[in-house]
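1. make a model of this:
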Amino acid sequence: SPSPSSTTTEVPELPADRPIKIHVSPKYEAATPAPLLVLLHGFGASGEIQSAYLGLEKPVDANGMLYVYPDGTENRIGKRFWNATDACCAGPVSNDVDDSAYLSAVIAKVRSQYNVDPRRIYVMGHSNGGFMSYRMACDHADKIAAVASLAGATFADAERCDPSEPVSVLQIHGTADETIPYTGGTILGNDHPSAQTTVDTWAD
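-> Next up is the predicted model:
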């Protein structure tokens, strides 16, 4: 839960069935542009669960940041997901969800209400959310300064990612990961590149 002196604001639109909460550090001052962190949960989780698991509110508050942890939509079996890349993780019934546009609107919404530093907008994701962080870097390099992917990977087809400018990348991946293997593999019938290939692709 938010620290006692911080503020979490409900935003009921954007669209109505996909609200967000904007967490505001107690160190935030409207006169000073603040960095923004967007956290993307893993497949089947939620923004609130992912945020609590990683414990990010404390460092966010300590560093004067703005923070959002939106939810993906539910697929046909009731699991929340992000329609991220060709490698992960939407199914045939749910691959028409435009999460890239949705998350861009989330960022725009925060910017409309708070003084966000446009040079310090960051996206962090776990697993399916990590794949989505790379999608955001590909699609919105003009907005995203950096991404951090925990157990995610970039597009399987590197040609499908053409960022308009450089984006800093942090790839965090354990070699014992059996769900999204470090050396690459297949998830829900789709191939994904290895952690090393992901990093090499972005370095290129």
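2. pLDDT of the longest strand seen in the chain, averaged?
-> The longest strand of the chain (DSSP state E) is strand 116-126. Strand 116-126 shows a mean pLDDT of 98.
3. may I have that strand exported as PDB, CA atoms only?
-> The C-alpha atoms that make up strand 116-126 are tabulated as PDB, following Å, rounded to 0.1, in the frame of the first residue of the first chain:
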ATOM      1  CA  VAL A 116       6.400  14.900 -16.000                       C
ATOM      2  CA  ASP A 117      10.000  15.200 -17.200                       C
ATOM      3  CA  PRO A 118       9.700  14.100 -20.900                       C
ATOM      4  CA  ARG A 119      13.300  13.000 -20.900                       C
ATOM      5  CA  ARG A 120      12.800  10.600 -17.900                       C
ATOM      6  CA  ILE A 121       9.800   8.300 -18.800                       C
ATOM      7  CA  TYR A 122      10.600   4.700 -18.000                       C
ATOM      8  CA  VAL A 123       8.800   1.400 -18.600                       C
ATOM      9  CA  MET A 124       9.600  -1.700 -16.600                       C
ATOM     10  CA  GLY A 125       7.900  -5.100 -17.100                       C
ATOM     11  CA  HIS A 126       8.000  -8.600 -15.800                       C
END
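4. how about the nearest residue to the residue positioned nearest the centre of the chain, chain neighbours excluded?
-> The residue lying closest to the centre of the chain (C-alpha atoms, centre = their mean) is Leu40, at 3.6 Å. Nearest residue to Leu40, sequence neighbours excluded (C-beta to C-beta, 6 or more residues apart in numbering): Gly129, at 3.1 Å. Glycine gets a C-beta too; all of them are placed from N, C-alpha and C.
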